[in-house]
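Visitor: 3D, please:
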Amino acid sequence: MLFQRMTAFLATLTLAFAALAPAVAAASFELSATAKSNLAKLIAGADKTQASRLTKLNGDLQSLRKQDQSLDAKIKAIHYKNEEELVVLRKQIKEIDADKVNKLQQQVKQAKGRYQPLFDSYTALNKQIAAARRLNNKTLNALLRTQADAMKIAVQAARQDIRNKEQSLKNAKDQAAKKKKKMNDTLAGVNPVKVQLKAQRSKVASTKKLVASAVKNANQATKGTAKNAADSLSSLVAVSRQLVDQKQRNADLEQKVSDIIAKAKTQLKAI
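Guide: Numbering: from 1, shown residues only. Below is the predicted model of the structure:
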């Protein structure tokens with residue numbers, strides 16, 4: 001039940017972030033309505049060279065904006081899919097050969113329970129032999145020893161059966177541990193990638209601040225000359241392209257995590 005709730009929670013987060021992604025992306029790149037109107041007027045009134053430059057820069061900005069939106073959606077989709085699959089995988093790893101080990105544990109427990117009356121009888125018989133020895137009753141002692149010798153064979157066989165079952169249990173546990181280690185070693189490859197992702201997200205956060213500043217400058221510049229607007233838009237396009245490149249790196253790293261998970265899932269199927 002807890003696992004199902006966790007999976008549902010992750011799925012809810014995925015949908016929530018996916019819904020927010022376009023709005024966040026638009027806020028990063030979008031010029032104000034007034035700036036767009038000013039830019040249209042500048043393009044209409046500028047000479048051919050400046051008009052062409054402004055048009056191209058505006059087109060580049062729109063293209064980068066779409067790439068940014070697409071990357072946001074892609075990153076979030078892959079990230080939350082990875083997190084959900086990691087939860088499932090780690091649970092499956094813990095359960096590797098669990099049924100087999102549990103079955104063998106039951107066999108050991110049942111064998112010990114089944115043979116306990118025999119062991120108790122053998123212990124009681126040996127106590128009787130010791131008592132007969134103290135009484136110096138040779139006839140009783142001989143009779144009891146004959147019974148003990150006959151029972152000893154059954155006791156030895158019972159103890160060996162328990163030892164065999166315990167060894168089978170130990171072997172199963174050892175094999176399960178090896179399989180789990182192999183799987184966990186594979187998934188351990190996710191950790192350094194997550195460290196890289198954390199550093200990359202920090203870079204993205206810093207660049208977003210630069211984009212916000214560049215947008216503000218571009219909005220202001222559209223109130224001036226075509227050249228000033230073009231120069232400001234050029235700076236905005238440059239920093240926006242940097243942001244898109246960084247987010248592409250994020251997407252690549254998330255895909256790397258996805259590839260590691262895929263490898264682990266393949267290994268799990270082969271176990």
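Visitor: A218 reaches A230, doesn't it?
Guide: No. The criterion here is CB atoms under 8 Å, and A218 misses it with A230 at 10.0 Å. The way it works is simple: take the backbone N, C-alpha and C, and place the C-beta from them, glycine included.
Visitor: Name the nearest residue to the spatially most central residue of the chain, sequence neighbours excluded.
Guide: Nearest to the geometric centre of the chain sits L86, at 2.8 Å (CA atoms, centre = their mean). Excluding the flanking residues, the one nearest L86 by CB to CB, 6 or more residues apart in numbering is I261, at 6.6 Å.
Visitor: elements contacting the host helix or strand of that neighbour?
Guide: Per DSSP states H and E, I261 falls inside helix 226-270. If contacts are counted by 3 or more CB pairs under 8 Å, 6 or more residues apart in numbering; DSSP states H and E, helix 226-270 sits against helix 2-29, helix 33-45, helix 48-94, helix 138-187, helix 190-221.
Visitor: So L31: helix, strand or coil?
Guide: Secondary structure state of L31, per DSSP: H, G, I helix; E, B strand; the rest coil, is coil.
Visitor: remind me which residues of the stretch 51-200 of the chain are low pLDDT?
Guide: Counting by pLDDT under 70, the stretch 51-200 of the chain contains low-confidence residues at 132, 135, 137, 141, 144.
Visitor: at 80 what do you get?
Guide: The model of the stretch 51-200 of the chain has pLDDT under 80 over residues 129-144, 146, 148.
Visitor: How many neighbouring residues does the residue nearest to L86 have?
Guide: 21 (other CB atoms under 10 Å).
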